[in-house]
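Novice: I'd like to go over a predicted model; first the sequence, then the structure.
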Amino acid sequence: MSRGLSFLLWTVVFLLLLVGLDQLLVRVPASHPAHVAVATFYRDLRSRLIDLAGETLVAQPPARPAKPVPPAPGPAPASAEKAIKTPHPGPSQPSTTIATPAKPKPASPRAEPSPRYLYADDRSELHFADTLAEIPEPYRDKARRFAD
């Protein structure tokens, strides 16, 4: 009987220590950088665990698709390309225009990927090519199709 009572007492003491540590990290304002880091980490972990427990304990109704929001009246927002090309001078830097790379053509979903080729040069270095025309003439006969 005393062993069971002792086990119960130490379990209660341990749980009280955990609750005290929890409240210390959640409610006490942190002033030391280490305390700030630990408290921030613990609050994030605690909120994620509570959210996770809430999702498993409470049956959530299936989400309905969001209704499209009508566009706001007024001028249309600038495109990303225009925003990139627009010079924004910094406090000590001269204004420069950033060039955007050419957009690759989107592949159609049913299109078969073009075969790639693999070849080795005189120094036995491996190279990849998208077409046979990209492979230098002396190495074309030894080029192999590369399976993706």
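Specialist: Noted; the coordinates are in hand. Numbering: from 1, shown residues only.
Novice: domain parsing for the chain?
Specialist: According to automatic domain parsing, the chain comprises the domains 2-57, 116-146.
Novice: pull out the buried residues from the last one.
Specialist: Going by neighbour count (16 or more other CB atoms under 10 Å), the buried part of domain 116-146 is Y117, Y119, A129, I135, A143. Glycine gets a C-beta too; all of them are placed from N, C-alpha and C.
Novice: let me know whether the fourth one touches Y119 as I believe.
Specialist: Think I135. Yes: using CB atoms under 8 Å, I135 is in contact with Y119, at 5.5 Å.
Novice: shared neighbours, those two?
Specialist: H127, A129, A143 (CB atoms under 8 Å, 6 or more residues apart in numbering).
Novice: please produce TSV containing those residues, extended by secondary structure and distance to V12.
Specialist: Formatted as TSV, those follow (DSSP: H, G, I helix; E, B strand; the rest coil; distance: CB to CB, whole Å):
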residue	secondary structure	distance to V12
H127	strand	70
A129	strand	72
A143	coil	75
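Novice: need these in JSON lines with distance to D44 and pLDDT, can you?
Specialist: Formatted as JSON lines, the shared contacts of I135 and Y119 follow (distance: CB to CB, whole Å; pLDDT from 0 to 100):
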{"residue": "H127", "distance to D44": "47", "pLDDT": "87"}
{"residue": "A129", "distance to D44": "48", "pLDDT": "87"}
{"residue": "A143", "distance to D44": "53", "pLDDT": "87"}
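Novice: residues touching L132, list them.
Specialist: Taking CB under 8 Å, 6+ apart, we find L132 in contact with Y117, R140, A143.
Novice: try 10 Å this time
Specialist: P115, Y117, Y119, R140, A143, R145 (CB atoms under 10 Å, 6 or more residues apart in numbering).
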